[in-house]
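> Got a sequence here, can you build the structure:
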Amino acid sequence: MTTSAEIRQQFLDFFASKKHQIVPSAPIVVKNDPTLLFTNAGMNQFKDYFLGNRKPEFPRVADTQKCLRVSGKHNDLEEVGVDTYHHTMFEMLGNWSFGDYFKAEAIAWSWELLTEVYKIDKDRIYVTIFEGDAKENLERDTEAYEEWKKIISPDRILPGNKKDNFWEMGDTGPCGPCSEIHVDCRPDQERAQVAGKTLVNNDHPQVIEIWNNVFMQFNRLKDGSLESLPAKHVDTGMGFERLVRVIQGKTSNYDTDVFTGTIASIEKITGITYDFGNSKPAIAFRVLADHIRAIGFTIADGQLPSNTGAGYVIRRILRRAVRYYYSHLNYKQPLLHQLMPVLAKQFEQVFPELQLQLDFVSKVVKEEEDAFLRTLDKGLKRMDDIIGNATGKLIEGKAAFELFDTFGFPIDLTRLIASENNFTINEAGFEAEMQQQRNRSRAATSMDTEDWVEADADALQEFVGYDSLEVKTKVIKYRKVKAKGKESFQLVLAGTPFYAESGGQVGDTGVLDFEGEKIRVTDTKKENNLIIHFTESLPSDINANVIATVDREKRMKTTVHHSATHLMHAALRKVLGTHVAQKGSMVNDTMLRFDFSHFAKMTEEEIAEVEQLVNEKIRANVPVYIKEMKKDEAVALGAMALFGEKYGDIVRVVIMDPNYSIELCGGTHVGATGELGYFKIQHESAVAAGVRRIEAVCGEAAARLISEELGQLQQLKELFRNPKELLKSAEQILQENAELRKKIESFEAKQLQLTYKELLGKVETINGISFVGQVVETGSADAVKKLCFELKKDLNNYLVVLAANVDGKAQVAILIDEALSASKRLEAPKIIKEQIAPLIKGGGGGQKTLATAGGQDASNLLAVIEKVKGLIR
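Modelled structure (predicted):
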């Protein structure tokens with residue numbers, strides 16, 4: 001059997017023989033493109049070529065690209081694992097032509113590869129072509145039809161509508177007609193009974209699309225109209241997992257060697273055998289085998305799980321996997337991290353970044369699993385409460401949403417548990433709550449971007465900001481943007497000294513002088529390969545000559561912090577070890593923030609050693625050399641490349657002593673390290689599993705920090721009346737304070753005991769219930785709660801409400817006997833919310849039988865007692 005690794009290599013070798021440059025996969029996590037969170041198609045990394053923003057280095061390229069589809073137009077998540085051919089992360093084999101060959105060659109080569117190299121039966125292949133669309137004024141793709149007719153029977157060339165045969169990356173962007181290639185994998189007996197062409201694009205699990213040849217001719221604008229691209233291109237994508245399935249003769253992608261190693265590991269870990277069917281355990285196997293790839297490779301490419309954006313997508317995938325092994329494989333401890341070594345080894349030759357960061361990725365995943373397993377257990381207990389307190393057999397939408405929003409429960413998990421208890425869910429109510437959340441999210445983040453207006457269509461952009469902070473230039477294009485009700489503008493200049501935010505360095509600010517009319521640049525960012533200048537207004541004459549000037553002082557202070565980041569990165573690797581790798585950074589004119597892989601809090605000694613190493617390099621005034629060279633040469637020189645970054649063949653290398661710091665970097669840097677002045681770390685903390693964060697300052701910011709700290713030290717001395725030994729005086733006062741605190745606590749404990757005895761003498765019996773309701777004298781909210789616990793020992797069938805005025809604020813505690821709570825349907829948190837909170841102008845909560853509250857108004861404490869007392873009269 002031909003292995004998946006051999007099939008991948010055959011594809012690359014075939015197109016290399018057709019004079020294609022074989023390029024590496026771009027990172028799966030997208031940067032500098034606001035329209036995408038993840039690479040969802042092989043063409044993403046070449047988008048600038050199609051739009052004409054960049055000139056391609058090679059007219060023909062081929063690759064295998066890591067892709068992820070879980071949200072937006074390409075949302076496959078809920079089908080993953082349930083069927084046998086949808087995936088979250090998948091490989092896209094692709095070949096491209098940038099203004100070189102077109103339909104004739106693309107079609108001929110796809111046929112040659114499939115039938116002559118891979119030996120797929122010709123009579124199992126069907127192709128589709130775009131049938132045209134009158135509404136869009138698009139004609140039938142006759143050219144593709146004629147090319148296919150040369151090599152395949154016309155009755156196997158099927159017309160396809162706009163949905164299936166006009167490919168678009170999103171709501172806007174490059175697009176064009178496409179020609180799909182489908183393979184009928186059914187047994188001969190079934191093929192004889194039903195013609196394969198009737199099953200094409202009809203969701204038949206054995207009649208599947210494996211390759212799509214997209215002929216890029218148009219750009220979709222925001223208003224929905226189409227404009228022709230500057231040149232015609234070919235963009236093809238072949239699903240690697242589906243191709244392997246066809247060649248290896250399997251009926252499921254998961255039965256190929258792409259997934260069987262992972263499935264075997266899951267069997268070994270869980271002790272359960274995969275049954276190849278549609279049982280819940282079988283679906284769980286497939287979900288895990290798929291999701292582990294999406295989780296592992298996105299984290300390796302620099303995207304940590306979080307609660308927003310791309311990080312939330314990864315967390316959602318990971319939690320879906322945890323839910324499946326917890327519910328359907330009865331595995332109650334972290335499992336996914338155990339699969340990471342298997343995955344890393346399998347892809348070591350094609351995507352080595354996971355193997356190189358195996359420990360880091362595994363620990364991040366394990367911590368995420370641990371956290372959700374704790375939440376999952378709490379959520380199941382909350383589900384028990386919801387079911388126990390429900391009237392009838394319906395779980396309200398608000399409760400289902402609480403499980404989703406607070407405990408991370410996917411709605412299908414809530415449905416499963418509900419059905420096991422003969423309950424149903426108010427689906428409409430749940431969806432209404434979800435819609436409210438979506439609306440809140442959109443309101444906070446929505447941005448309305450208009451189409452670009454061309455001012456000079458022939459000009460190309462050039463960044464000159466390494467050497468000059470002022471340049472005479474022209475506007476190439478501009479557009480209007482609306483966000484949160486505010487209107488602003490984005491401009492693209494022909495030549496610009498403005499550095500666009502990237503590599504952690506913030507974007508430049510400054511001024512554009514349009515022949516005397518000055519417009520402030522508030523920020524500079526990248527979108528794909530365009531440097532975009534943000535302004536609050538447009539000039540009266542957009543075609544006027546422009547003097548573009550960067551804020552020199554801000555740039556210099558930012559530059560100082562960027563160079564300091566390189567020195568600190570090298571120092572961390574020397575002090576903590578070479579496992580340290582950058583996981584994120586931010587440098588501006590006031591400070592630097594640096595996230596790095598490390599699994600323990602840094603000691604004070606380690607922090608001091610890092611500071612010492614950096615300051616030694618600053619005092620040595622080491623020259624900073626910046627060179628451009630081939631990436632392979634830079635790596636051979638010892639340059640550090642960042643995981644998750646896409647580098648070209650020619651890279652920019654920043655050298656601060658060849659034996660100390662060599663990094664690939666596109667940011668701005670000082671001429672010599674002495675310009676940094678002084679370096680000081682302010683904070684070191686944890687930000688995620690296996691990721692630490694340092695915040696530091698240098699230059700003027702460091703001098704200001706030291707001056708402020710020395711000033712505070714002087715004030716402290718004055719508070720202590722300028723002792724000769726400040727530290728000794730502070731230690732003495734702390735010791736005296738601790739002794740006094742012990743005496744106060746001892747006095748409070750005695751007072752609490754006296755109050756407790758008094759309360760026992762004030763127990764009232766109301767309708768057979770022991771009721772204690774008193775305003776007590778105490779110095780803390782915690783004491784009120786402690787009194788409740790003490791009374792619990794000596795009372796039966798009780799209801800206790802204690803209130804206190806603590807420093808002018810109301811403090812209340814309610815304690816209810818468990819049997820009384822059940823028989824009278826009394827819940828302490830509900831009483832707090834409905835009866836007490838309005839009286840004390842506050843709020844609180846707790847468990848069913850014990851809850852506390854605090855409020856601003858302590859004048860109604862007696863009314864609080866009477867209100868609770870009224871519940872049992």
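> Going by C-alpha atoms from here, please, whenever you check contacts or count neighbours.
OK.
> what packs against the helix or strand containing Lys742?
Under the criterion of DSSP states H and E, Lys742 resides in helix 726-760. In terms of contacts (3 or more Cα pairs under 8 Å, 6 or more residues apart in numbering; DSSP states H and E), helix 726-760 is packed against strand 769-776, helix 781-792.
> Mind putting those into CSV with mean neighbour count?
Below are those laid out as CSV (neighbours: other Cα atoms under 10 Å):
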stretch, mean neighbour count
strand 769-776, 20
helix 781-792, 18
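> what's the closest of the ones you listed to Glu209?
In terms of Cα to Cα, the element of those nearest to Glu209 is helix 781-792, at 65.8 Å.
> report the angle between the axes of the helix or strand that that closest one is followed by and helix 781-792?
Next in sequence after helix 781-792, counting helices and strands by DSSP H and E, comes strand 798-806. Inter-element angle recorded for strand 798-806 and helix 781-792: 160 degrees (by axes from the mean of the first three to the mean of the last three Cα atoms, to 10 degrees).
> So for strand 798-806, mean pLDDT?
Strand 798-806 carries an average pLDDT of 91.
> That one pairs with which strands, parallel or anti?
strand 769-776 (parallel), strand 809-816 (antiparallel) (DSSP bridges).
> okay if I get these as a markdown table plus distance to Ala282 and mean pLDDT?
Below are the strands paired with strand 798-806 laid out as a markdown table (distance: least, Cα to Cα, whole Å; pLDDT from 0 to 100):
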| stretch | distance to Ala282 | mean pLDDT |
| --- | --- | --- |
| strand 769-776 | 55 | 90 |
| strand 809-816 | 47 | 92 |
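> nearest to Phe679, of those strands?
For Phe679, the closest of the strands paired with strand 798-806 is strand 809-816, at 46.3 Å, according to Cα to Cα.
> Which residues does the closest one contact?
By Cα atoms under 8 Å, 6 or more residues apart in numbering, the surrounding residues in contact with strand 809-816 are 781, 784-785, 788, 798-805, 826-828, 840, 849-858, 861.
> how does it look with 7 Å?
Strand 809-816 is contacted from outside by 781, 784-785, 788, 798-805, 828, 840, 849-858, using Cα atoms under 7 Å, 6 or more residues apart in numbering.
> Return it as CSV; C-alpha atoms alone will do.
This file holds the C-alpha atoms of strand 809-816, laid out as CSV (Å, rounded to 0.1, in the frame of the first residue of the first chain):
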residue,chain,number,x,y,z
LYS,A,809,-22.0,48.7,55.6
ALA,A,810,-24.6,46.0,55.9
GLN,A,811,-23.5,42.4,56.2
VAL,A,812,-26.1,39.5,56.2
ALA,A,813,-25.8,35.7,56.4
ILE,A,814,-28.7,33.2,56.0
LEU,A,815,-28.5,29.5,57.1
ILE,A,816,-31.3,27.0,56.3
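> Can you show me the strands along the stretch 301-450 of the chain?
394-395, 424-425, 447-449 (DSSP state E, counting those that start in this stretch).
> So which of the helices and strands packed on helix 726-760 is nearest Gly176?
helix 781-792 (68.2 Å).
> Check which helices and strands that closest one is in contact with.
Judged by 3 or more Cα pairs under 7 Å, 6 or more residues apart in numbering; DSSP states H and E, the packing partners of helix 781-792 are strand 809-816.
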